[in-house]
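Undergrad: Pasting the sequence and the predicted coordinates here, then a few questions.
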Amino acid sequence: MRFPKLTATICLVLISAGLFSLFGNAQQTSDGFNNTQKDEINAMIRDYILENPEIIPEAVEVLRSRQNARMLLQSQDLLYSDGYSHVEGNEQGDITVVEFYDYNCGYCKQVPSVLARLIEEDDNIKVIYKEYPILAESSEFASIAAMAAMKQGKFMDFHRALMKNKRALSEDLVLQIARDSGVDEDKLLKDMADPEIETNLMKTKYLVQNIGISGTPGFVIGDQIIPGFISYEKLKDIIDAERQTRKM
């Protein structure tokens, strides 16, 4: 039995499905082909890839997108309804933007103005703030303080002030920024000692490992995991595309 020449699309489907021997053993499939036919299919795929290596990045991206979607689906509760992450915008919004950040991250400091503009101009957006302190010990102290400030209803004031700060953070500086933001320092220090805050930080770190975010800032929008800073225009494009996808 002979097979017609494979197109790039068919190759991509076969690769991502695991028929090519690099991704799995064709003889183990139960698709009705005999071993000779399977060997011929594998050989054709191999030849096509060698002649058209440019399809490999596309195939890898297809596979990565599917893996991202699967990991995000498995992490829905921690991602969207953990009960401790601060939420801004429209809580019933049709699109949710999840941001992971570190208060010592220079690129993260560019994000607040982008998100503030997004919330102001799009009344159907929900933004979830995820503390992800990875750059220094002072990052963790700042994140614990920010989470404790939620109990005083001062999270956003404190968060914005921490992000506006240009100096290297220290515990004393974090507390000074808290006071300048209208946070009651004595209550803050007491609330920071709540072991639940540390537990919640660990949950977020587990979430990050599970979905594959490796640095800050990082974003999740729909099935997309987006590393690094993104401009307002790029963010709007991603959101618009996500809305269009959901209408299809």
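TA: That came through, no problem. Numbering: from 1, shown residues only.

Undergrad: could you show me where the strands are in this protein, in order?
TA: Ranges of strands in the chain, per DSSP state E, are 86-89, 95-101, 125-131, 218-221, 224-227.

Undergrad: mind listing what the second one pairs with, with the direction of each?
TA: According to DSSP bridges, strand 95-101 forms sheet pairs with strand 125-131 (parallel), strand 218-221 (antiparallel).

Undergrad: returning to what we had before: just tell me which of the strands of the chain ends up closest to residue 199.
TA: Relative to residue 199, the nearest member of these by CB to CB is strand 125-131, separated by 12.6 Å. For glycine as for every other residue, the C-beta is placed from the backbone atoms N, C-alpha and C.

Undergrad: ok, residues contacting that closest one?
TA: 79-80, 85-93, 95-101, 115, 118-119, 143, 146-147, 155, 159, 201, 204, 207, 239 (CB atoms under 8 Å, 6 or more residues apart in numbering).

Undergrad: how about low-confidence regions in this structure?
TA: 1-31, 56, 58-70, 72-73 (pLDDT under 70).

Undergrad: Tell me where it has helices.
TA: Using DSSP state H, the helices of the chain run over 8-17, 35-51, 55-74, 76-80, 111-121, 137-149, 155-164, 171-180, 185-192, 195-211, 232-247.

Undergrad: Same list, those, but as JSON lines with mean neighbour count and distance to residue 131 please.
TA: Output for the helices of the chain, formatted as JSON lines (neighbours: other CB atoms under 10 Å; distance: least, CB to CB, whole Å):
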{"stretch": "helix 8-17", "mean neighbour count": "16", "distance to residue 131": "35"}
{"stretch": "helix 35-51", "mean neighbour count": "15", "distance to residue 131": "43"}
{"stretch": "helix 55-74", "mean neighbour count": "14", "distance to residue 131": "19"}
{"stretch": "helix 76-80", "mean neighbour count": "15", "distance to residue 131": "13"}
{"stretch": "helix 111-121", "mean neighbour count": "16", "distance to residue 131": "13"}
{"stretch": "helix 137-149", "mean neighbour count": "22", "distance to residue 131": "4"}
{"stretch": "helix 155-164", "mean neighbour count": "19", "distance to residue 131": "9"}
{"stretch": "helix 171-180", "mean neighbour count": "16", "distance to residue 131": "13"}
{"stretch": "helix 185-192", "mean neighbour count": "15", "distance to residue 131": "13"}
{"stretch": "helix 195-211", "mean neighbour count": "15", "distance to residue 131": "6"}
{"stretch": "helix 232-247", "mean neighbour count": "13", "distance to residue 131": "20"}
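
Undergrad: coming back round to it: and of the strands paired with strand 95-101, who's closest to residue 197?
TA: strand 125-131 (9.3 Å).

Undergrad: per the record, what domains does the chain have?
TA: 8-74, 76-247 (automatic domain parsing).

Undergrad: beta partners for the closest residue to residue 220 other than its chain neighbours?
TA: Distances taken as CB to CB, 6 or more residues apart in numbering place residue 98 nearest to residue 220, at 4.2 Å, with adjacent residues excluded. Beta-bridge partners for residue 98, by DSSP bridges, are residue 128, residue 220.
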